[in-house]
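J.: Give me coordinates for this.
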Amino acid sequence: HAFTHLPTTRGEFVTSPEFTCLGRPWRLRAYPGGDLISGNDMIAAYLYNLSDESVKIDFTFCVKNSNSNNGSSGSTNSTSSTNSTTSRTKPPSTHTFGPFGTPEEGNGAGCRNLAVRSTLLNSSLVAGALLIEVRMKLATSVTLDNLDETSSSSSSSSSSSSNW
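T.: Purely as a prediction, here's the structure:
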């Protein structure tokens, strides 16, 4: 819960405990000082699939602030107001996560410029912790061959939060 005490050197990261979402194990890796290709004063976050199966999901990250439990949609660097609260949300991405043990580019994906660190320090810590919510749902593919008026598609969605 001491985000301010985490390393700020580019490329250094902290890892969340393993969590389960959509029936699979996951882990979040946060780079409080940014990864090696992040912009200045940016934090980065990446999601990793720990299961032994590939999975295609739609996902987004939401940085929560101390005034809200609800995230707002918007671009990575914008803010949205809801009852005088602000949170930063990365636009949704679709990615096929390879099984655990594949090269990191295969089983992980994320955002190298999730939020401005100095802004987070001033307004987004919750009891000293940075709270990153991961929202994900199984990605569905729709083709003309499997469309008909009576068919319906459902996908489960879920979210998990990690704090540092």
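J.: Dig out what residue 19 forms beta bridges with.
T.: Beta-bridge pairing for residue 19 (DSSP bridges): residue 26.
J.: do the same with residue 96
T.: The partner residues for residue 96, given DSSP bridges, come to residue 56.
J.: can you list the weak-confidence ranges in this structure?
T.: Low-confidence segments of the chain (pLDDT under 70): 1, 66-90, 104-105, 141-164.
J.: Swap in 90 and give it another go.
T.: Residue ranges of the chain with pLDDT under 90: 1-2, 4, 7, 62-93, 100-107, 119-131, 140-164.
J.: in the chain, which helix has the most residues?
T.: helix 117-123 (DSSP state H).
J.: I would like the residues contacting that helix, please.
T.: For helix 117-123, the external contacting residues (Cβ atoms under 8 Å, 6 or more residues apart in numbering) are 3-4, 8, 32-34, 41-43, 63, 65-66, 86, 130. All C-beta atoms are positioned from the backbone trio N, CA, C, and that covers glycine.
J.: ok, and what's touching the helix or strand harbouring residue 47?
T.: Element membership of residue 47, judged by DSSP states H and E, is strand 42-49. Residues outside strand 42-49 that contact it (Cβ under 8 Å, 6+ apart): 24-35, 38, 55, 59, 61, 97-100, 104, 107-117, 120, 130, 132, 134, 136.
J.: that older thread, what residues sit buried inside the longest helix of the chain?
T.: 117, 119, 120 (16 or more other Cβ atoms under 10 Å).
J.: How about stretch 39-48?
T.: In stretch 39-48, counting by 16+ other Cβ under 10 Å, buried: 41, 42, 43, 44, 45, 46, 47, 48.
J.: Make TSV out of these and add distance to residue 20.
T.: Shown next, in TSV, are these (distance: Cβ to Cβ, whole Å):
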residue	distance to residue 20
41	33
42	29
43	24
44	23
45	18
46	18
47	13
48	13
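J.: For residue 18, state which of the residues you listed is nearest.
T.: Using Cβ to Cβ, residue 48 comes nearest to residue 18 of these, at 9.7 Å.
J.: how deep is the residue nearest to the closest one when sequence neighbours are not counted tucked in, by neighbour count?
T.: What sits nearest to residue 48 in space, not counting adjacent residues and going by Cβ to Cβ, 6 or more residues apart in numbering, is residue 108, at 4.2 Å. When neighbours are defined as other Cβ atoms under 10 Å, residue 108 has 20 of them.
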